[in-house]
Structure formats: structure tokens, C-alpha cells
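Novice: attaching a predicted model along with its sequence, questions to come.
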Amino acid sequence: MNAVIKKIDFSSSVPYYAQLKELIKQEITEGVWRSEEQLPSHSELCEMYDVSKSVVRQALKELELEGYIVQRRGKLTEIVDKKITGDILQKLSGTYQNMARLGIHPVTKILLNEVVKAPTSISDRLGLAPGSKVVKLHRLRFIENEPFAFMRSYVPYDLCPKIAEVDLTGKSLLEEIKREYGYEIDSSRRSIEAVLANEDEAKLLEIPVGSALLLYKSVSYISSGRAIGTTKVLFRGDRTKFEVEIGNFKE
């Protein structure tokens, strides 16, 4: 481990154990100590942070209560993988359905839902004539009161005009489109890449500027070949990972 370990501020009024808890949590989220690995021993933590064993024990107890670590008698403390696993790269479903399959029920905050003229990049992506109307949606998804994904979507207005009037709070966009119009995804083009959070994105996702994000892009089509929508999602890199299965799997 080559990273410089941050130190306790002994002049602060914040209890040492609380400072240590936040320092260790930060080292975990920044990848200094990685998920499913082990933390140093109690004695090593005492030496690294220049604190007593009682401070270390209390800090680790708090981290365990928050779900960041697991402590087992006679063994080193193990860091819990808190990332949300996704399989949307291989299934014809949206992010909401993906979370539901995992038993997670995210809360969605609607930041924007309006009808606009499609920018050229969007009309090209959706196969629309220049200046066509689209429903523009900006959504922020939360898990346990923590933002983890910022979503920007465009839906052709001529296919789904009522979507501009639907309150999508706590709902799936794809499920609402299916309910209102009967459209289902027949095919989809998707990609994912690593990017860094700018100031606006960092503020929305409550992370430092420059934090790692996973940018997911998709264009989805119905059976007629029409594009039903395009979405860009910025997932927090410290809370998300994607899995793909390839090959013949037996039940």
C-alpha cells in the first residue's frame, strides 16, 4: 500500500474514534483498502494512526454497524463489497428492473420532465427528423438515502406523449411506457466507460469532483425498428459494478 494514510487531528473536538471511522471509510471508498480484502490488525491500525486500541475497537464497531466491514473472532477484519452489481449489459431491461431483480428498490427523484426540440445529437441517435419533439427526462436514483445514479433520457414525443405528464417518482420509465402504450424493448445498443465527475455531477451524486464514474449509454428499439428512447446514466464508481456471463451455463 503506497498511499499516504491520513492522520487524526488531535486538536479537534471530534472524538478520535469518529475521526478514525471516517478516515478508514475514506480509504475504503478511495480504494486504498479494497473490497473483500482485509484491514490491518488492531495493533497495526494503532501504530498507523497513533491511537489506542479502544479507539480502534470503537471505530471498527461503528464501521461494522454501517456495513463497511465484518469482524470475526481471531481473524483480520474483512472489508465488505458494498457495490451494487448490475447485469444490464446482457438483459433487455432497464436500471430499475435490474435493481428489482437484486431485491433492491431504489427511490427516484425527478429533476426534469419536459417536451423539447431534440438536439441534433439526440435526433440522430433516435432516428428522428431534425427539430422533432422529444420528452427530456433527468432523474436521480437513491439507495438508502444515498444518490448512486444520475440519468438523462430522451423519448420520442410522437410515440409516447403522455410520458411528459406521468409522475415517474418511484417508477420505471420502461414499465410506464409498456403500461401506457404496450411498447416493449426488442433490441438495444449499450456501452459503458469510465469517466470523471465534473462539478455539477459531483454535487448531484454527493461525491468529490474528479471521482470515478461509470457512464452507461443505451439506445433501445421496439419490434418495428423504431428507437423508443436513449439514456445516459452516470453511476458512482464506488457503489457500482457490472457483470457479464458468457458461455453455456447449466441450471
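Specialist: Cool, got the structure. Numbers count the residues shown, from 1 in each chain.
Novice: need the contact list for residue 66.
Specialist: Contact analysis of residue 66 by CB atoms under 8 Å, 6 or more residues apart in numbering lists residue 25. Quick note: C-beta positions are derived from backbone N, CA and C, even for glycine.
Novice: ok, it to residue 33 distance?
Specialist: Counting by CB to CB, to the nearest Å, the gap from residue 66 to residue 33 is 15 Å.
Novice: residue 44 now?
Specialist: Residue 44 sits 12 Å away from residue 33, going by CB to CB.
Novice: who has more neighbours out of those two?
Specialist: With neighbours defined as other CB atoms under 10 Å, residue 44 and residue 33 compare such that residue 33 has more, 19 against 12.
Novice: next one: phi and psi at residue 64?
Specialist: phi -70, psi -40 (degrees, to the nearest 10).
Novice: my guess is it contacts residue 79, does it?
Specialist: No. Contact criterion CB atoms under 8 Å: residue 64 and residue 79 do not qualify, at 10.8 Å.
Novice: just the helices from the stretch 1-150 of the chain, written as ranges.
Specialist: Taking DSSP state H, counting those that start in this stretch, the helices of the stretch 1-150 of the chain run over residues 16-29, 42-49, 53-65, 95-101, 120-126.
Novice: can you give me the neighbour number for the nearest residue to residue 221 once chain neighbours are set aside?
Specialist: In space, residue 221 comes closest to residue 187 once its chain neighbours are excluded; the distance is 4.8 Å by CB to CB, 6 or more residues apart in numbering. For residue 187, the neighbour count with other CB under 10 Å is 12.
Novice: from residue 173, how far out is residue 187?
Specialist: Taking CB to CB as the measure, residue 187 falls 17 Å from residue 173.
Novice: circling back to that earlier point, quick one, which of the helices of the stretch 1-150 of the chain is nearest to residue 215?
Specialist: For the helices of the stretch 1-150 of the chain, proximity to residue 215 was assessed by CB to CB; helix 95-101 is nearest, at 13.1 Å.
Novice: what's the average pLDDT for the closest one?
Specialist: Regarding helix 95-101, the rounded mean pLDDT is 55.
Novice: with stretch 239-247 instead?
Specialist: Averaging pLDDT along stretch 239-247 gives 63.
Novice: what stretches of the stretch 101-250 of the chain score poorly on pLDDT?
Specialist: 101-105, 241-250 (pLDDT under 70).
Novice: check whether residue 59 really touches residue 25, as I assumed.
Specialist: No. The criterion here is CB under 8 Å, and residue 59 misses it with residue 25 at 9.3 Å.
Novice: which neighbours do the two have in common?
Specialist: Common neighbours of residue 59 and residue 25, counting by CB under 8 Å, 6+ apart, are absent.
Novice: which of these two has more residues huddled nearby?
Specialist: It is residue 59, of residue 59 and residue 25, that has more neighbours when counted by other CB under 10 Å, with 24 against 16.
Novice: per-residue pLDDT, that one?
Specialist: pLDDT, residue 59: 92.
Novice: which ones are touching it?
Specialist: Counting by CB under 8 Å, 6+ apart, residue 59 touches 17-18, 20-21, 24.
Novice: same question, residue 142
Specialist: Counting by CB under 8 Å, 6+ apart, the residues that residue 142 touches are 106-109, 148.
Novice: so what's residue 12 closest to, chain neighbours aside?
Specialist: Computed as CB to CB, 6+ apart, the closest residue to residue 12 that is not its neighbour in sequence is residue 19, at 6.7 Å.
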